[in-house]
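Peer 1: Provided below are the primary sequence and the corresponding predicted coordinates.
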Amino acid sequence: MSHTDQQTNRLLPVTVVQWQPSEDPTSNREQISAHVETAATAGSTLVVFPEYAHRHFANPEPAWTAAAESLDGPFVTGLQTIAGTSGVTIVAGVLETSDTSKPYNTQVVVNSSGVVAVARKIHLYDAFSMAESELFSPAPQTPPQVFTHSGMTVGVQTCYDLRFPEVTRQLVDAGAEVVIVPAQWVPGPHKLDQWVALATARAIEAQVWLVAADHPAPTGVGASLIVSPRGEVIARAGDTEAYLHEVLDGDLVREVRKQNPMATARRFRVTWG
């Protein structure tokens with residue numbers, strides 16, 4: 001295989017959908033199908049949706065718990081049907097049942113064969129007067145969730161986890177070259193600046209493509225973005241519903257890591273606390 005062929009096999013066409021899900025999972029699934037069709041028409045084979053793509057409620061309340069489904073429930077199986085029809089891989093947030101009364105805040109990766117990765121939120125959003133732990137269970141200790149797409153290893157983490165660099169580092173230690181972050185980044189003073197700064201920092205320090213999907217205003221800050229392993233923001237949305245279509249080059253990750261071999265210099269390892 002020539003170098004050109006190897007490079008072509010490591011080009012990942014991705015679409016980020018900055019979109020506002022509703023309380024109605026059937027409507028959300030229909031809208032996801034339409035968005036996936038648009039992304040597939042643009043040539044993308046990986047489509048990323050925000051946190052809570054399954055169902056989003058205006059206020060934190062017990063309705064979140066009642067809305068939870070298993071991973072073989074109608075929402076996720078519906079995603080599999082959409083993926084099979086379109087030929088793409090979908091990343092989307094789902095309220096997932098757990099072994100307790102509190103569900104998981106989960107991001108699923110689905111293609112035509114089914115669920116290929118499950119990333120449950122590790123750090124719950126008990127900050128800025130919010131208390132996500134009153135409604136959700138934190139992720140149990142499990143191996144980091146990565147999957148392969150277009151010859152690249154891809155990891156997934158969720159929203160508030162972006163503030164914890166160890167989460168991204170754990171994904172990189174598992175081989176990730178691309179990190180996807182579905183989010184509902186709640187607006188507030190300085191929150192937009194923090195969102196962009198944290199996403200950019202994670203891309204630089206982990207030497208990965210960082211692909212982040214947020215809700216539009218008013219439930220999110222918007223500003224869904226794609227950051228290169230050099231720290232360049234190569235695509236960024238405003239605060240309304242939007243698409244970002246880009247092609248991620250896996251060879252750029254290798255080039256950046258060769259120029260600055262941080263992995264061999266690093267003297268610390270990540271462990272669960």
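Peer 2: It's in. Numbers count the residues shown, from 1 in each chain.

Peer 1: low pLDDT regions in the stretch 51-200 of the chain?
Peer 2: Across the stretch 51-200 of the chain, residues meeting the criterion (pLDDT under 70) sit at 60.

Peer 1: could you show me where the helices are in it, in order?
Peer 2: Assigned by DSSP state H, counting those that start in this stretch, the stretch 51-200 of the chain shows helices spanning 63-66, 74-86, 165-173, 191-206.

Peer 1: What lies in contact with the second one?
Peer 2: Read it as helix 74-86. Here helix 74-86 makes contact (Cβ atoms under 8 Å, 6 or more residues apart in numbering) with 25, 28-29, 32-33, 36-37, 40, 54, 69-70, 89-90, 92, 94, 108, 110-112, 114-115. C-beta coordinates here come from the backbone N, C-alpha and C atoms, glycine included.

Peer 1: now do the last one
Peer 2: Applying Cβ under 8 Å, 6+ apart, the contact partners of helix 191-206 are 162-163, 165, 168-169, 171-172, 176, 179, 181, 183, 185, 208-210, 212, 214, 221-223, 225, 227-231, 233, 236, 262.

Peer 1: Only the buried residues of that helix, if you could.
Peer 2: Neighbour counts using 16 or more other Cβ atoms under 10 Å place 192, 195, 196, 198, 199, 200, 201, 202, 203, 204, 206 of helix 191-206 among the buried residues.

Peer 1: And the strands in the stretch 1-150 of the chain?
Peer 2: 11-18, 46-48, 89-96, 104-111, 114-120, 146-149 (DSSP state E, counting those that start in this stretch).

Peer 1: picking that back up, output the buried residues of helix 191-206 in TSV; the columns should cover distance to residue 120.
Peer 2: TSV is the format used below for the buried residues of helix 191-206 (distance: Cβ to Cβ, whole Å):
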residue	distance to residue 120
192	26
195	21
196	25
198	20
199	20
200	25
201	23
202	19
203	23
204	26
206	20
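
Peer 1: can you tell me which of those residues lies nearest to residue 148?
Peer 2: Nearest to residue 148 among these is residue 206, at 17.9 Å by Cβ to Cβ.

Peer 1: how far away is the closest one from residue 168?
Peer 2: 5 Å (Cβ to Cβ, to the nearest Å).

Peer 1: So residue 181 sits against residue 159, correct?
Peer 2: Yes: when contacts are counted by Cβ atoms under 8 Å, residue 181 is listed as touching residue 159 (7.0 Å).

Peer 1: if you count what's nearby, which of those two comes out ahead?
Peer 2: Neighbours were tallied for residue 181 and for residue 159 using other Cβ atoms under 10 Å; the higher tally belongs to residue 181 (31 against 28).

Peer 1: what about the residue lying closest to residue 125 once chain neighbours are set aside, how many residues close to it?
Peer 2: Excluding the flanking residues, the one nearest residue 125 by Cβ to Cβ, 6 or more residues apart in numbering is residue 132, at 4.0 Å. For residue 132, the neighbour count with other Cβ under 10 Å is 19.

Peer 1: And for the one 5 residues further on?
Peer 2: Other residues lying near residue 137 total 19 when counted by other Cβ under 10 Å.

Peer 1: Next one: the residue lying closest to it once chain neighbours are set aside from residue 48, what distance?
Peer 2: Sequence neighbours aside, residue 102 is the residue nearest to residue 137 in space, at 4.4 Å (criterion: Cβ to Cβ, 6+ apart). Counting by Cβ to Cβ, the gap from residue 102 to residue 48 is 26 Å.

Peer 1: One more: residue 80?
Peer 2: 17 Å.

Peer 1: just residue 74 next, same as before
Peer 2: 21 Å.

Peer 1: between the two, who's got more neighbours?
Peer 2: Per other Cβ under 10 Å, whichever of residue 74 and residue 48 has more neighbours is residue 48, with 28 against 12.
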